[in-house]
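Q: Sequence and predicted model, in that order:
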Amino acid sequence: MKEMICIVCPIGCRLTVTDGPEGITVTGNQCPRGETYAKEETTNPRRMVTGTVAKAGGGRLPVATSQPVPKAQTFAVITALRTITAPANTKMGDILVTDIAHTGADIVAGEDA
């Protein structure tokens, strides 16, 4: 049995997740999204990764993954970000790297400050 707080919406339901002979059961959720969240978080947790990369000509550029990556691979993604230098003419939404760290996610440029 595992207890967690759902982060899908502002309600913050207190969930109880049990892995039994009939599979994973979730209680305490006020909507179906809480059940989906708890099952995914228990079996295959995933996270969005955000950070910055060097920009040609100086400065840093905010970036993010295009989709959540397996939680176990977040450090590999962060390590790979250190090797990226974005071209000076990079625009918001440009894909800088495809399939970063073999996660299936791309690295997408954010808004340059």
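A: Structure's in. What do you need? Residues are numbered from 1 along each chain as shown.
Q: For the spatially most central residue of the chain, list the residues it contacts.
A: Central residue of the chain (Cα atoms, centre = their mean): M48, 1.7 Å from the mean position. Contact analysis of M48 by Cβ atoms under 8 Å, 6 or more residues apart in numbering lists 64-65, 67-69. C-beta here means a position set from N, CA and C on the backbone, and glycine is covered the same way.
Q: separation between it and A54?
A: 21 Å (Cβ to Cβ, to the nearest Å).
Q: Please, where are all the helices along this structure?
A: Secondary structure of the chain (DSSP state H): helices located at 32-43, 74-81.
Q: Distance to R14 added to these, as JSON lines?
A: Output for the helices of the chain, formatted as JSON lines (distance: least, Cβ to Cβ, whole Å):
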{"stretch": "helix 32-43", "distance to R14": "10"}
{"stretch": "helix 74-81", "distance to R14": "26"}
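Q: tell me the domain boundaries of this protein?
A: Listed domain ranges for the chain are 2-43, 50-109 (source: automatic domain parsing).
Q: From the geometric centre of this structure, which residue sits farthest away?
A: P21 (30.2 Å).
Q: And that one, its phi and psi?
A: phi -60, psi -20 (degrees, to the nearest 10).
Q: What's the separation between it and R46?
A: According to Cβ to Cβ, P21 stands 26 Å off from R46.
Q: Ok, P68 next?
A: 4 Å.
Q: what are the ranges of the strands in this structure?
A: 2-5, 14-20, 23-27, 46-47, 50-55, 60-65, 69-70, 85-86, 95-97, 107-109 (DSSP state E).
Q: What are the contacting residues of the third one?
A: Contacts of strand 23-27 from elsewhere in the structure, counted by Cβ under 8 Å, 6+ apart, are 15-18, 34-35, 38-39, 42-43.
Q: Done for today, thanks.
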